[in-house]
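K.L.:
heads up, no residue letters with this:
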């Protein structure tokens, strides 16, 4: 598949981005909208007209969101690990009880 170059615009600045296909183009469009939104939010809050300052502050906000999501993901993975251990313990107990029950049935026959 041939790479395609598309032009995007973020906060009044145009950029040329190479994409691999239609799906990548849609994804880039989604990212573009997100960055644009973040920059506009920062510009309103900071009352800054300096594009570089707005971009850096937006990048910091996006990085903060990323690290918070990563922290939440790590916590979820830890909980999942604990749940997996609990399930394994329950399986061991169930298997042991099943064997005990089968052995009990054999001795009563």
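P.N.:
Sure, I can see it. Because the structure is a prediction, the values reported are computed rather than measured.
K.L.:
Below-threshold pLDDT in this structure: ranges please.
P.N.:
For the chain, the stretches with pLDDT under 70 are 1, 97, 99-109.
K.L.:
quick one, strands of it?
P.N.:
With DSSP state E, the ranges of strands along the chain come out as 4-10, 13-19.
K.L.:
Buried residues in stretch 75-93, which are they?
P.N.:
Along stretch 75-93, no position meets the burial threshold by neighbour count (16 or more other C-beta atoms under 10 Å). Where you see a C-beta, it was placed from the backbone N, CA and C, and this is true even at glycine.
K.L.:
same thing with stretch 43-56?
P.N.:
By neighbour count on 16+ other C-beta under 10 Å, the buried set for stretch 43-56 is 43, 54-55.
K.L.:
Save these as JSON lines, and put in distance to residue 82 too.
P.N.:
JSON lines is the format used below for those (distance: C-beta to C-beta, whole Å):
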{"residue": "43", "distance to residue 82": "43"}
{"residue": "54", "distance to residue 82": "43"}
{"residue": "55", "distance to residue 82": "41"}
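K.L.:
and the gap between residue 76 and residue 90?
P.N.:
Separation of residue 76 from residue 90 (C-beta to C-beta, to the nearest Å) stands at 21 Å.
K.L.:
hang on, the earlier thing: how about JSON lines for the strands of the chain, with mean neighbour count and distance to residue 36 added?
P.N.:
Putting the strands of the chain into JSON lines (neighbours: other C-beta atoms under 10 Å; distance: least, C-beta to C-beta, whole Å) gives the following:
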{"stretch": "strand 4-10", "mean neighbour count": "13", "distance to residue 36": "5"}
{"stretch": "strand 13-19", "mean neighbour count": "11", "distance to residue 36": "10"}
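K.L.:
a markdown table please, covering these and showing distance to residue 71.
P.N.:
Shown next, in a markdown table, are the strands of the chain (distance: least, C-beta to C-beta, whole Å):
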| stretch | distance to residue 71 |
| --- | --- |
| strand 4-10 | 27 |
| strand 13-19 | 30 |
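K.L.:
Out of the ones you listed, the one nearest residue 33 is which?
P.N.:
Closest approach to residue 33 among the strands of the chain is made by strand 4-10 (9.2 Å; C-beta to C-beta).
K.L.:
Alright, I will stop here.
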